[in-house]
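Undergrad: give me a 3D structure for the following:
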Amino acid sequence: MDATLGLPVLTILIAVALLFDFLNGLHDAANSIATIVSTRVLRPQYAVFWAAFFNFVAFAVFGLHVANTIGTGIIDPSVVDATVIFAALVGAIAWNVITWALGIPSSSSHALIGGLVGAGMAKAGISAAVWSGLTKTLLAIVLSPLVGFLLALVLVAIVSWLSVRSTPFAVDRAFRILQFASASLYSLGHGGNDAQKTMGIIAVLLYSQGHLGDTFEIPFWVVLACQSAMALGTLMGGWRIVRTMGLRITKLTPMQGFCAETGGAATLFIATYLGVPVSTTHTITGAIVGVGAARRLSAVRWNVASSIVYAWVITIPASAAVAAATYWVVQILK
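TA: Here you go, the predicted model:
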């Protein structure tokens, strides 16, 4: 482990972590607002305020299970030092910026996990990984979009059956109102799961420097700082990815938007309660594909969906490679 850092260096590293959190909110704003914007229930400028508010207040609803998983369940805390944290954040931020510029809805969460794994293994080899936590996270890559897909599919079937005697106009009007609730729930789930990942990074950095004593915990100021950074990022929006998520995968009605958001929110609530750092991007994409497939398989633009899957597959290795390279460069320059 590095010698204890001076306050300026520690402050800079925390600022870089909060920059990642801001970019996470910017990158993943589409997850929270794509459906409500694409169904024209809310204009984009109002939708981002709506999502940012619920992103911020999420800390009052959920515990800090995900933050603890990131802090102690991905790589061994004894391996963590300033260089590892810096390299992990560079790997994650670099991948976020690349995919944001290309309009690809990749996972900020898995970019961060890949960065941690790459930097940790660059320092200490394979033994740096906490395989129980890492395996749980990798399993969630497959399960979270699948669960979102199935829940959205089931919700469409239930809602369609309940609405069979209603006029299309009445159904559309009702679900335009209900989408406010479903978008709020999804934004709450997004803020609850994603902001905690940066909390875990900052807390394990403070712990490695002896600022938390002998017990790993998440200081309340870290919670507030991370929720605020994510909310500000969401306010800035991520319009390239909104277009991909809300318009290019399938055409959504307010009823379908409600089902996608509710199915995705339920998945995030379960994962956050269990302390699993899932991808909000994977989850909402699976749910959107689910509502499109419920109408008919041809309603989904599978070429767009498949290109998103390719990005998911390479996110962890790509961010891990950038993080490992950054770690080695910093070591050479020391």
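Undergrad: okay, buried residues for the helix or strand hosting Leu155 please.
TA: For Leu155, the host element (DSSP states H and E) is helix 131-162. Using 16 or more other CB atoms under 10 Å as the test for burial, helix 131-162 gives 133-134, 136-137, 140-141, 143-145, 147-149, 151-153, 155-156, 159. To be clear about C-beta, it is placed using only N, CA and C from the backbone, and glycine gets the same treatment.
Undergrad: burial of Gly118, as a residue count?
TA: Under the neighbour criterion other CB atoms under 10 Å, Gly118 is assigned a count of 30.
Undergrad: give me phi/psi at it?
TA: When quoted as degrees, to the nearest 10, the phi and psi of Gly118 stand at phi -60, psi -50.
Undergrad: that one is in contact with Ala88, isn't it?
TA: Yes. In terms of CB atoms under 8 Å, Gly118 counts as a neighbour of Ala88; the distance is 7.2 Å.
Undergrad: touching both of the two, which residues are there?
TA: With CB atoms under 8 Å, 6 or more residues apart in numbering applied, the overlap between the contact sets of Gly118 and Ala88 consists of Ala323.
Undergrad: in the stretch 101-250 of the chain, which ranges drop under the pLDDT threshold?
TA: Per-residue confidence of the stretch 101-250 of the chain (counting by pLDDT under 70) places the weak regions at 103-105, 237-250.
Undergrad: swap the cut-off to 90 and go again
TA: 101-113, 127-146, 148-149, 153, 156-157, 160-198, 200-201, 204-218, 230-250 (pLDDT under 90).
Undergrad: ranges for the helices of it?
TA: Listed in chain order, the helices found in the stretch 101-250 of the chain under DSSP state H, counting those that start in this stretch are 108-124, 131-162, 168-208, 220-236, 239-243.
Undergrad: what's the most buried one of those?
TA: When you average the neighbours per residue for each of those (mean count of other CB atoms under 10 Å), helix 108-124 leads with a mean of 28.
Undergrad: that one versus helix 131-162: what angle between them?
TA: If you take axes from the mean of the first three to the mean of the last three CA atoms, to 10 degrees, helix 108-124 sits at 170 degrees to helix 131-162.
Undergrad: packing partners for helix 108-124?
TA: If contacts are counted by 3 or more CB pairs under 8 Å, 6 or more residues apart in numbering; DSSP states H and E, helix 108-124 sits against helix 7-38, helix 65-72, helix 82-102, helix 131-162, helix 168-208, helix 280-295, helix 302-333.
Undergrad: so Val9 touches Asp81, yeah?
TA: No. In this structure, Val9 sits apart from Asp81 without contact. The criterion is CB under 8 Å, and the distance is 11.4 Å.
Undergrad: skipping its backbone neighbours, what lies nearest Leu224 in space?
TA: Phe59 (7.5 Å; CB to CB, 6 or more residues apart in numbering).
Undergrad: how many neighbours does that neighbour have?
TA: Neighbour number of Phe59 under other CB under 10 Å is 21.
Undergrad: send over the helix or strand Gly257 falls within as CSV, restricted to the C-alpha atoms.
TA: With elements taken from DSSP H and E, the one containing Gly257 is helix 254-274. Output of helix 254-274 as CSV, limited to C-alpha atoms (Å, rounded to 0.1, in the frame of the first residue of the first chain):
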residue,chain,number,x,y,z
PRO,A,254,-47.1,5.3,-23.0
MET,A,255,-48.4,1.9,-21.9
GLN,A,256,-45.3,0.2,-23.1
GLY,A,257,-43.1,2.9,-21.6
PHE,A,258,-44.8,2.4,-18.2
CYS,A,259,-44.3,-1.4,-18.4
ALA,A,260,-40.6,-1.0,-19.4
GLU,A,261,-39.9,1.4,-16.6
THR,A,262,-41.8,-0.5,-14.0
GLY,A,263,-40.1,-3.8,-15.0
GLY,A,264,-36.7,-2.2,-14.9
ALA,A,265,-37.4,-0.4,-11.6
ALA,A,266,-38.4,-3.7,-9.9
THR,A,267,-35.2,-5.3,-11.1
LEU,A,268,-33.1,-2.5,-9.8
PHE,A,269,-34.9,-2.5,-6.4
ILE,A,270,-34.3,-6.2,-5.9
ALA,A,271,-30.6,-5.9,-7.0
THR,A,272,-29.9,-2.9,-4.8
TYR,A,273,-31.5,-4.6,-1.8
LEU,A,274,-29.3,-7.7,-2.4
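Undergrad: would you turn the helices of the stretch 101-250 of the chain into TSV with distance to Trp100?
TA: Formatted as TSV, the helices of the stretch 101-250 of the chain follow (distance: least, CB to CB, whole Å):
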stretch	distance to Trp100
helix 108-124	9
helix 131-162	20
helix 168-208	15
helix 220-236	11
helix 239-243	7
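Undergrad: so what's the closest residue to Thr326 other than its chain neighbours up against?
TA: Computed as CB to CB, 6+ apart, the closest residue to Thr326 that is not its neighbour in sequence is Ala87, at 4.0 Å. Under the criterion of CB under 8 Å, 6+ apart, the neighbours of Ala87 are 115, 118-119, 122, 323-324, 326-327, 330.
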